[in-house]
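Undergrad: what's the 3D shape of this:
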Amino acid sequence: MAEAERITGTPGNEPEPGQGDGGDAEQGTPETGATGATAAPRGPRRIGALLLVALIVYLLDLGSKLLVVAKLEHHEPVQVIGTLLQFEVIRNRGAAFSMGEALTVFLTLIAAAVIVVIFRIARKLYSLPWALALGLLLGGAFGNLTDRIFRSPGVFQGAVVDFIAPAHFAVFNLADSGIVCGGILIVLLSFRGLDPDGTVHKD
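TA: Here you go, the predicted model:
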C-alpha cells in the first residue's frame, strides 16, 4: 500500500505553487530604495569628465595669471569695458574676492581639504552634471592652491594673483570664477534631488 502511494501520489500532498525548491514565490521587484530614491541606469563613471573640466579650468587660470603678471603688473589698469570692467593685477593673500587676508595658511589647508573630498566623491561619480560642477570646483581650488604654494612670500603663504576688476566689486581671477560657478551648480543639483551617483531622490 505504501509502495502504491509512493508511485501514484496521495492527494493533498502536492507542493503548493511557489513552495519546494524555489518556485516563483521570491520573484524580484524593481528596487526603489529605503529612502525613496529612484534607481537609474548608472552607465560609466564620470571621473574622466571631472578631470578634463578641472584641467581646462586650471590651465586657463594658470595661463591667464602668467600673462597678466608678465604684461600688466606694476602698470596702469587696462580698460576692457570702460570703467565697468578693467584688468588690474593685485596680490591677494586672502580668500576669493580678497576676503580673509589674515588667514592665508588656514585657507590653504581648506583648499587642500576640498580637493581630498572631491576625490573621495569621485569614486562613486556617475552623474555628468556633478562631474562638471566638481570639475569647476577642483580646477579652481588647484589654481589658487598653486599660487599659495609657489608664489611669494613663501610656501603655503603665497599671495593669489587677481586681475578681473569689475566696477564696485572685488577683484578676482578665473579660479575664483570656477569655484563660485561649481558651488552654484552643486546647490542647484542638490535642490533638484540629483546625487553624484546618478540617482534622483524625492523628499
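Undergrad: can you tell me which residue is spatially central in the protein?
TA: Residue closest to the average C-alpha location in the chain (CA atoms, centre = their mean): residue 134, at 1.9 Å.
Undergrad: what helix or strand does that one sit in?
TA: Per DSSP states H and E, residue 134 falls inside helix 128-150.
Undergrad: can you pull the contacts of the nearest residue to residue 60 once chain neighbours are set aside?
TA: Closest residue in space to residue 60, ignoring its immediate chain neighbours: residue 174 at 5.4 Å, by CB to CB, 6 or more residues apart in numbering. Any C-beta I mention is one placed from the backbone N, CA and C, and that applies to glycine too. Residues near residue 174 by CB atoms under 8 Å, 6 or more residues apart in numbering: 57, 60-61, 64, 140, 143, 164.
Undergrad: just want the angle from the helix ranked longest in the chain to helix 128-150.
TA: In the chain, assigned by DSSP state H, the helix with the most residues is helix 47-71. Calculated by axes from the mean of the first three to the mean of the last three CA atoms, to 10 degrees, helix 47-71 forms an angle of 40 degrees with helix 128-150.
Undergrad: which strands and helices lie in contact with helix 47-71?
TA: strand 85-92, helix 104-122, helix 128-150, strand 160-166, helix 174-191 (3 or more CB pairs under 8 Å, 6 or more residues apart in numbering; DSSP states H and E).
Undergrad: tell me the angle that helix makes with helix 104-122.
TA: Using the same axes, to 10 degrees: helix 47-71 against helix 104-122 is 150 degrees.
Undergrad: tell me how far the helix or strand following helix 47-71 lies from the chain's centre.
TA: Moving toward the C-terminus from helix 47-71, the next helix or strand (DSSP H and E) is strand 78-81. Strand 78-81 sits 33 Å away from the centroid of its parent chain (CA atoms, centre = their mean, to the nearest Å).
Undergrad: direction included, what does strand 78-81 pair against?
TA: Using DSSP bridges, strand 78-81 pairs in its sheet with strand 85-92 (antiparallel).
Undergrad: CA-only coordinates of the partner strand in CSV, if you can.
TA: Output in CSV follows, covering the C-alpha atoms of strand 85-92 (Å, rounded to 0.1, in the frame of the first residue of the first chain):
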residue,chain,number,x,y,z
LEU,A,85,35.4,96.2,-16.3
GLN,A,86,39.2,96.5,-16.0
PHE,A,87,42.2,94.3,-15.7
GLU,A,88,44.3,95.2,-12.7
VAL,A,89,46.8,92.9,-11.1
ILE,A,90,46.8,92.7,-7.3
ARG,A,91,48.3,90.1,-5.0
ASN,A,92,45.7,88.7,-2.6
